[in-house]
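> pasted the sequence and its predicted model underneath.
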Amino acid sequence: MLRKGMQILNDPFKNKGTAFTIEERKKYGLLGLLPSCVRTIEEQADEIYRLYQAKNSRIEQRHLLMEVFNTNRTLFFYLMEKHITEFMPVVYDPVIAEAIEQYNERYIKPQDAAYLSIEHPELIKEELIDAADGRDIRLIVVTDAEGILGIGDWGVNGVDISVGKLMVYTAAAGIDPSQVLPVSIDAGTNNEKLLKSSNYLGNRIKRVEGQEYFDFIDKFVDAVEGLFPKSLLHFEDFGRGTAARILDKYQDKILTFNDDIQGTGIIALAGVLGAMNISKEKITDQTFLTFGAGTAGMGIAKMLYDELIRQGLTPAEAKKHFYLVDKQGLLFEDTPGLTPKQKPFTRQRSEFTNADELTNLLAVVKAVHPTVMIGTSTQPGSFNEAVVKEMAAHTPRPVIFPLSNPTKLAEAKAADLLKWTDGRALIATGIPVKDIEYNGTVYQIGQANNALIYPGVGFGALAAEAKVLNDNMLAAAAHALSGLVDPEKSGAAVLPPVSKLTEFSKRVAERVAESAIDQGLAGDGITDAKKAVAEKIWKPQY
Ligand SMILES: NC(=O)c1ccc[n+]([C@@H]2O[C@H](COP(=O)([O-])OP(=O)(O)OC[C@H]3O[C@@H](n4cnc5c(N)ncnc54)[C@H](O)[C@@H]3O)[C@@H](O)[C@H]2O)c1
Ligand SMILES: O=C(O)C[C@H](O)C(=O)O
Ligand SMILES: [Mn+2]
């Protein structure tokens, strides 16, 4: 057993470090355990920020911030609130991708996550109980790491994405960090590098698939529902063959959310609505091309499709606005290897005189003249000059969203898109991009990353104690971001900036909670969305 004082210093949810007052030091058995100087949180934050600035790489900066996170959550989130725009890319995407790739080589602490092994379904409940350690868990982010961002299968290393997504939940929306639980499902890995690595920390087996895998997921969901019945279960970075199937099974039964399908869908729709505000065009007049019709691509197509229906189109009319391009080229009814989500959005060969030639992006762009082109393909540079110029030749304000993460996988760079379109492109990227000056105008580039929306969505659902998270609530979230950017300003972004993340996450949360209340899906006695949200916001103060 740790001494009483050490116990509190080692508990990141309670620790204040040098900020413990003399009174507290007496009370908690901390006398003599700390240097005599008592600091304010402000002073502690200034010291850490100085150290942060002295680091000479972003990954080193991340390690420093993770050390603070591991020892003192309040201080970490105090810092994060102060430096949100600067810290987001360091604690989250893109630097998180590097951290995941190096996790086994740099492992020091388990970061209060729950590690579940596919080889021990009988232990799931105990493992969750041990990891939660008596805390009142309200939010779980679970990953099996089959499809981490666009960098593939990272086995147990992927736990960092669960931790990172939860950090953003607290920083953006104010979820109490002691009420969250990151979960890693270790179902093996097909990453040969990890399987061969002497310091890999997960199960050194090929990924378990099929019935055994889905049975494990069912057991996990049951355990979560039994242990933490008031929680939201957020799925992150599952594979193309499992993510949608799990969501379909549970979305009407429990409070659950798939970020890559739904979060990405909402932020892409919000970005397209933002672009329409600037171009003064109608969303119902657009032709959408989704390049990379996987988990995220199909989530986006579905959200855009639902919006066209809400705006008055019939299902048959709405479907005509979509073209999906994947590895096979344009997806037709008879294309081999279609996923269940792709099938309803496929085209017929008879619509084209050259259907057999539509096997690459440029040929498809030439044939269909998209006005909105969204990339979730993991193919860097695929929105090249020829493709973009061809698209821009047929529409005054081409809407182009290269969304693949991290930076090295983006379909295009924002600066190139502006150059190739003479500044006409309306752009959003997956990773953050600094302002770009082109021909005398300063362009702000919106970040269409689900991080800009899922914190508000999840927090709103939790604040309302919603029973499920349904399409109406997701649509409310997408529309909540409109009106935050001045569309008349030249170079305006299609989405609000990360510097306003806290503000607009609150707004998103209120709209989502309101939608739950209006639909009769909120908890007993919850009738005022604003009040419900305000009451639950956690602040980083001692
Ligand atoms: N910005 C965001 O918020 C956000 C959210 C989710 C995913 N993403 C990014 O989107 C990318 C895809 O993620 P996912 O979860 O959908 O993965 P996924 O594996 O489910 O989908 C990727 C799709 O791209 C297709 N693809 C691969 N090579 C291709 C090629 N040469 N041409 C056309 N299509 C090709 C695959 O067949 C697959 O259908 C990742 O880079 C991820 O980081 C971004
Ligand atoms: O994690 C991100 O940056 C966004 C998204 O969930 C992704 O998988 O790329
Ligand atoms: Mn993801």
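Perfect, I can see it now. Residues are numbered from 1 along each chain as shown. Ligands and ions are numbered 1, 2, ... in the order given.

> need the contact list for the spatially closest residue to residue 83 that is not a sequence neighbour.
Among residues not flanking residue 83 along the chain, residue 49 sits closest, at 7.0 Å (C-beta to C-beta, 6 or more residues apart in numbering). Glycine gets a C-beta too; all of them are placed from N, C-alpha and C. Counting by C-beta atoms under 8 Å, 6 or more residues apart in numbering, residue 49 makes contact with 79, 82, 83.

> which parts of the stretch 401-542 of the chain sit against ligand 1?
403, 404, 405, 409, 430, 448, 449, 450 (C-beta under 6 Å from any ligand atom).

> the fifth one contacts residue 408, doesn't it?
No. Counting by C-beta atoms under 8 Å, residue 430 sits too far from residue 408 to count as a contact (11.4 Å).

> okay, the two: which has more neighbours?
residue 430 (29 against 13; other C-beta atoms under 10 Å).

> tally of neighbours for residue 394?
Going by other C-beta under 10 Å, the residues that sit close to residue 394 add up to 14.

> please renumber the chain so that the first residue is 38 from this point on.
I'll keep to 38 as the first residue from here, and by that count the last item is residue 431.

> and what about it, helix, strand or coil?
coil (DSSP: H, G, I helix; E, B strand; the rest coil).

> find the closest residue to ligand 1 in the stretch 38-187 of the chain.
residue 187 (2.3 Å; C-beta to the nearest ligand atom).

> what's the answer for the chain, then?
For the chain, C-beta to the nearest ligand atom, closest residue to ligand 1: residue 331, 1.9 Å.

> chain neighbours aside, what residue packs nearest to that residue?
Using C-beta to C-beta, 6+ apart, the closest residue to residue 331 is residue 277 (4.7 Å).

> and of the residues of the stretch 438-579 of the chain next to ligand 1, the nearest to ligand 3?
residue 487 (6.7 Å; C-beta to the ion).

> wait, the closest one sits on residue 294?
No. Counting by C-beta under 8 Å, residue 487 stays clear of residue 294, with 10.2 Å between them.

> what is in contact with those two at once?
residue 300.

> distance check, residue 54 against ligand 2.
30 Å (C-beta to the nearest ligand atom, to the nearest Å).

> ok so, going back, who are the neighbours in contact with the residue of the chain closest to ligand 1?
The contact partners of residue 331, taken as C-beta under 8 Å, 6+ apart, are 277, 363, 376, 413.

> backbone dihedrals for residue 263, please?
Main-chain torsions, residue 263, degrees, to the nearest 10: phi -70, psi -40.

> could I get the pLDDT score of it?
Among the per-residue scores, residue 263 shows a pLDDT of 98.

> setting aside sequence neighbours, what's the nearest residue to it?
Residue 263 sits nearest to residue 162 (C-beta to C-beta, 6+ apart), 7.4 Å away.

> which of the three states applies to the one you found?
At residue 162 the chain is in helix, as set by three-state DSSP.

> now the one 10 residues further on
In the three-state summary, residue 172 is assigned as coil, counting by three-state DSSP.

> so it makes contact with residue 214?
No. Between residue 172 and residue 214 there is no contact under C-beta under 8 Å: 10.0 Å.

> and these two? which has more neighbours close in?
Legend: neighbour count by other C-beta under 10 Å for residue 172 and residue 214, higher for residue 214 (23 against 16).

> before we move on, back to that, neighbours around the residue nearest to residue 331, how many?
With other C-beta under 10 Å as criterion, residue 277 counts 18.

> and the stretch 438-579 of the chain, which residues reach ligand 2?
442, 486, 487.

> helices and strands of the chain: which one has the lowest mean pLDDT?
Ranked by mean pLDDT, DSSP states H and E, the weakest helix or strand in the chain is helix 41-46, scoring a mean of 92.

> sorry, back to before: for the residue nearest to residue 331, phi and psi?
phi -60, psi -30.

> assign a three-state SS to the residue in the stretch 338-487 of the chain that ligand 2 sits nearest to, would you?
The minimum distance from the stretch 338-487 of the chain to ligand 2, using C-beta to the nearest ligand atom, falls at residue 442 (3.7 Å). What three-state DSSP gives for residue 442 is coil.

> from residue 155, how far out is it?
Shown here: residue 442 relative to residue 155, a distance of 26 Å by C-beta to C-beta, to the nearest Å.

> residue 522 now?
Relative to residue 155, and taking C-beta to C-beta, residue 522 is found at 45 Å.

> cool, and residue 306?
For residue 306 relative to residue 155 (C-beta to C-beta), the value is 35 Å.

> also residue 179?
Separation of residue 179 from residue 155 (C-beta to C-beta): 13 Å.

> overlap of the contact sets of the two?
residue 222.

> more neighbours: those two, which one.
More crowded of residue 179 and residue 155, by other C-beta under 10 Å: residue 179, with 27 against 20.

> the more buried one bridge partners, please.
For residue 179, the beta-bridge partners are residue 220, residue 272 (DSSP bridges).

> report the contact partners of it.
Residue 179 neighbours (C-beta under 8 Å, 6+ apart): 199, 219, 220, 221, 222, 257, 270, 271, 272, 273.

> which of those count as buried?
Listed as buried from those are 199, 219, 220, 221, 222, 257, 270, 271, 272, 273; burial here means 16 or more other C-beta atoms under 10 Å.

> excluding chain neighbours, what is closest to the fifth one?
Nearest in space to residue 222, with sequence neighbours left out and distances taken as C-beta to C-beta, 6+ apart, is residue 181 at 4.2 Å.

> my guess is the one you found contacts residue 279. True?
Yes. Taking contacts as C-beta under 8 Å, residue 181 lies within contact range of residue 279: 7.5 Å.

> who has more neighbours, the two?
Using other C-beta under 10 Å as the criterion, residue 181 and residue 279 rank with residue 181 on top: 33 against 19.

> contacts only, for that one.
Contacts of residue 181 (C-beta under 8 Å, 6+ apart): 195, 221, 222, 223, 224, 274, 275, 276, 279.
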